[in-house]
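[1] Predicted structure and sequence below. I'll ask about it afterward.
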Amino acid sequence: MSVTLAIDAMGGDHGVVVTVPACCDFLEKHADVKIALVGDPELLKQALGQFPTVPMERIQIISASEIVLMDDPIEVALRRKKDSSMRVAIELVKEGAADAVISSGNTGALMAISRYILKTLDGVDRPAIATAIPNELGMGTTMLDLGANADCEPMHLLQFAQMANVMVQVVDGKPNPSIGLLNIGEEVIKGNDVVKQAGELLRASNLNFYGNVEGNDIFKGTTDIVVCDGFVGNVVLKASEGLAKMMSGLIRQEFNRSWLTKLMAVCSMIPLLRVRKRVDHRRYNGAVLLGLRGCVIKSHGSADRFAFGFALDRAYEAAKNRMVERIASAFVVEIK
């Protein structure tokens, strides 16, 4: 099965400087992939010119005259910039010309435009943003929602769990992922009414529900999936990114101290680099917008070439394994 990925090539902090090289790298690794680069044709051609060996027969350039800026209000992105690279890329998925879309652009705009153009799946009340957060097991704990829904009802949290359950099966290859509900304690009696009722729904479902988990369980890897509302999820996401950057900064600082400290740092170089690699947030780049009638992947706005490649990986796995169709089927079964 050939997979076509639509790329908002102009989005994010870096635009074509990152998106085009990452796509060229990806094409060299995957013979069954085609890329639709959406943006300014001249800029895209110039960027592609730096990669003479790239298989151009598997690249299509789609023109878009506008760019959704990182600070654009959602109303501007949705109503006024109708020829933006972000919107045109999403429309390719709706038309069936692409199997997934990847953008590093404005998260709010991406969700709003995707929801407007693609619509939500039957049985899904609200789309959610899910991504993996590095844990001490050297893998990632999938967490959602990460900011799309600040206020949630118990049924929404159940639906988030159902969608993430399918996503982890498809993208990470885990047949029966465990699910935890983020709470202030493990006990059933802990939490507010929404969390308590959500716990009851999860226990009554056919999901592999572990029970309540606390914040530290995210980084322990206690469960494969952690469910919470978007307010809490976004705070956790930003805190984890800040922690990863702090650790990288501390490692760099150790090499700028006295000669003795530098010697000690050199001696511990290998384990330090291993830790840095395991918590490198770039390796977990690529949040999935779940619940839509199309596969939409959100790359970090500041993603470099290396990180954007991981977002392409997630889009490829989701599209190749028909994630959206499988989520839709899961909800049809649940409704029946």
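    Okay, I see it. Numbering: from 1, shown residues only.
[2] alpha carbons only for contacts and neighbour counts from here, please
    Noted.
[3] So which residues of this structure form strands?
    For the chain, the strands defined by DSSP state E cover 3-8, 33-39, 59-63, 100-103, 128-134, 140-144, 179-182, 209-213, 225-227, 287-290, 295-298.
[4] Now do the last one, average pLDDT.
    Along strand 295-298, the predicted confidence averages to a pLDDT of 97.
[5] CA atoms only: put that strand into PDB for me.
    The C-alpha trace of strand 295-298 is given here as PDB (Å, rounded to 0.1, in the frame of the first residue of the first chain):
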ATOM      1  CA  CYS A 295      -5.300  11.700   9.900                       C
ATOM      2  CA  VAL A 296      -3.800  15.000  11.200                       C
ATOM      3  CA  ILE A 297      -0.400  15.200  12.900                       C
ATOM      4  CA  LYS A 298       0.900  18.200  14.700                       C
END
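[6] Within the sheet, what are the partner strands of it, with directions?
    The pairing partners recorded for strand 295-298 under DSSP bridges are strand 100-103 (parallel), strand 287-290 (antiparallel).
[7] Same check on the second one?
    Sheet neighbours of strand 33-39, with direction, are listed as strand 3-8 (parallel), strand 59-63 (parallel) (DSSP bridges).
[8] Show me the contact partners of that strand.
    Outside of strand 33-39, the residues within contact range by Cα atoms under 8 Å, 6 or more residues apart in numbering are 2-10, 20, 23, 27, 44, 58-67, 84-86, 88-89, 98.
[9] partners of Ala130 in the sheet?
    For Ala130, the beta-bridge partners are Leu144, Val288 (DSSP bridges).
[10] Ok, Asp8 next?
    Beta-bridge partners, per DSSP bridges, of Asp8: Val38.
[11] so what pLDDT did it get?
    98.
[12] OK, contacts around the residue nearest the centre of the chain?
    Against the mean C-alpha coordinate of the chain, by Cα atoms, centre = their mean, the closest residue is Ala287 at 0.8 Å. Contact analysis of Ala287 by Cα under 8 Å, 6+ apart lists 129-132, 297-299, 311.
[13] Pull the most distant pair out of the residues you listed.
    Ile129 and Ala311 (13.8 Å; Cα to Cα).
[14] For Leu202, which of the strands of the chain is the nearest?
    Evaluated over the strands of the chain, closeness to Leu202 peaks at strand 209-213, with 6.4 Å, by Cα to Cα.
[15] Quick check: neighbours of that closest one in the sheet, parallel or antiparallel?
    Assessed with DSSP bridges, strand 209-213 is paired to strand 179-182 (parallel).
[16] and the partner strand, how far from the chain's centre?
    Using Cα atoms, centre = their mean, to the nearest Å, the mean C-alpha position of strand 179-182 is found 19 Å from that of the whole chain.
[17] Tell me how many other residues crowd the closest residue to Arg282 other than its chain neighbours.
    Leaving aside its sequence neighbours, Arg282 sits nearest to Ala307 (Cα to Cα, 6 or more residues apart in numbering; 4.5 Å). The number of residues packed near Ala307 is 21, by other Cα atoms under 10 Å.
[18] How about Val16?
    23.
[19] from what I can see Val226 touches Leu181, true?
    Yes. Between Val226 and Leu181 there is a contact under Cα atoms under 8 Å: 5.7 Å.
[20] quick one: which of the two has more around it?
    Val226 (32 against 27).
[21] Against Val296, how distant is that one?
    Distance of Val226 to Val296, computed by Cα to Cα, to the nearest Å: 20 Å.
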